[in-house]
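*Asks:* okay, predicted coordinates and the sequence, questions at the end:
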Amino acid sequence: MTQSFDSVSQRKILKMRDVMHQTGFSRTWIYELVKRGAFPQPRKIGKRTIRFSAAEVNAWIKEKLAD
């Protein structure tokens, strides 16, 4: 079974540092945008671990670049 790279990469979950790298934003600013409802919500995957959906972050970036 072969899947396209985009299909597989869109199911990835991203660490905060990856989101920071992709957006160029600081941790504080990302959390502020999340709080305002202006950035995808992170998912809690453990007691002290959060991750972001790569698909949601990539869609957000594409939307911002289209503005």
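*Replies:* Sure thing, it's come through. Numbering: from 1, shown residues only.

*Asks:* C-alpha only now, for contacts and for neighbours.
*Replies:* OK.

*Asks:* can you map out the strands along this structure?
*Replies:* Under the criterion DSSP state E, the chain carries strands at the ranges 13-14, 43-46, 49-53.

*Asks:* which of these sits most buried?
*Replies:* strand 13-14 (a mean of 18; mean count of other CA atoms under 10 Å).

*Asks:* other SSEs contacting that strand?
*Replies:* strand 49-53 (3 or more CA pairs under 8 Å, 6 or more residues apart in numbering; DSSP states H and E).

*Asks:* partners of the strand it packs on in the sheet?
*Replies:* Each strand that pairs with strand 49-53, with its direction, by DSSP bridges: strand 13-14 (antiparallel), strand 43-46 (antiparallel).

*Asks:* CA atoms only: put it into PDB for me.
*Replies:* As requested, the backbone C-alpha atoms of strand 49-53 are provided in PDB (Å, rounded to 0.1, in the frame of the first residue of the first chain):
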ATOM      1  CA  THR A  49       3.100  16.600  26.700                       C
ATOM      2  CA  ILE A  50       1.300  18.600  23.900                       C
ATOM      3  CA  ARG A  51       1.500  18.300  20.200                       C
ATOM      4  CA  PHE A  52       0.100  20.200  17.200                       C
ATOM      5  CA  SER A  53      -1.500  18.600  14.200                       C
END
